[in-house]
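**Student:** Sequence below, structure please.
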Amino acid sequence: MHIDLAIDKTLRAGPRRFHLQAAFTAHSDRLVILGPSGAGKSLLLKTIAGLERPDHGHIRLAGTTLFDSAQRICVQPQLRQVAYVFQDYALFPHLDVRQNVGFGLTRGWRNPRRGVRDERIGYWLQALGLEHVAHQYPHELSGGQRQRTALARALASEPRALLLDEPFSALDAGLRADMRAELDALQRRLQVPMILITHDPEDARLFGGQVLTLRDGLVESIT
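**Tutor:** Next up is the predicted model:
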């Protein structure tokens, strides 16, 4: 994965102001964005996904321009071919696991019907060990099962990059270690490029093909 990014983005809330000014290039299939809370990590990830629009600059991923203010290019999020996994997983509580995984495969706003059959859904249920909970709802799942469901939903759309927002922060210490190992093995097996944000140096140590350190909206280093 090659990403070339140089953006400015200012957020304002009353008298408060936050300025993200980030510029870097990365070539690894694993990029970890490391920094404390409030550093601008989630904002940076959302600009790549198209969920936030920079004020100025450009974002190029794998040779495709996703955003360029000078050329007036801003590709819509659903056309960027990137999958965003939210910190809280953002599963639909009224849909079972199978329906959640298949949600991104249907056009329009209609939910997949219960018991929907699709080879792609079946593949990801099997790949992430979710077949036995396919008919359960998010509130019936463990933390690890919820995370795997969110990953399966993201991967079902065959993205060219997987964006992970603090994927282990909601897990206890024991489960965090297990899920780190699972995600590590999954990424190695599938070879899906991954950008992961975290405040935990251990995540950076385990996953960082390249590690970008962000603080107060500025890039401190990339190694």
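**Student:** residue contacts, the nearest residue to residue 152 once chain neighbours are set aside?
**Tutor:** Nearest in space to residue 152, with sequence neighbours left out and distances taken as C-beta to C-beta, 6 or more residues apart in numbering, is residue 124 at 4.0 Å. To be clear about C-beta, it is placed using only N, CA and C from the backbone, and glycine gets the same treatment. Counting by C-beta atoms under 8 Å, 6 or more residues apart in numbering, residue 124 touches 101, 130, 152, 153, 155, 156.
**Student:** Swap in 10 Å and give it another go.
**Tutor:** Applying C-beta atoms under 10 Å, 6 or more residues apart in numbering to residue 124 gives the contacts 98, 101-102, 118, 130, 148-149, 151-156.
**Student:** Sketch out the low-pLDDT regions of the chain for me.
**Tutor:** 106-113, 115-116 (pLDDT under 70).
**Student:** can you map out the strands along it?
**Tutor:** Along the chain, counting by DSSP state E, strands occupy 3-13, 16-26, 30-34, 56-61, 64-68, 73-74, 82-85, 161-165, 194-198, 210-215, 218-222.
**Student:** And the third one, what's buried?
**Tutor:** Across strand 30-34, burial judged by 16 or more other C-beta atoms under 10 Å covers 30, 31, 32, 33, 34.
**Student:** longest helix in the chain, by residue count?
**Tutor:** helix 173-190 (DSSP state H).
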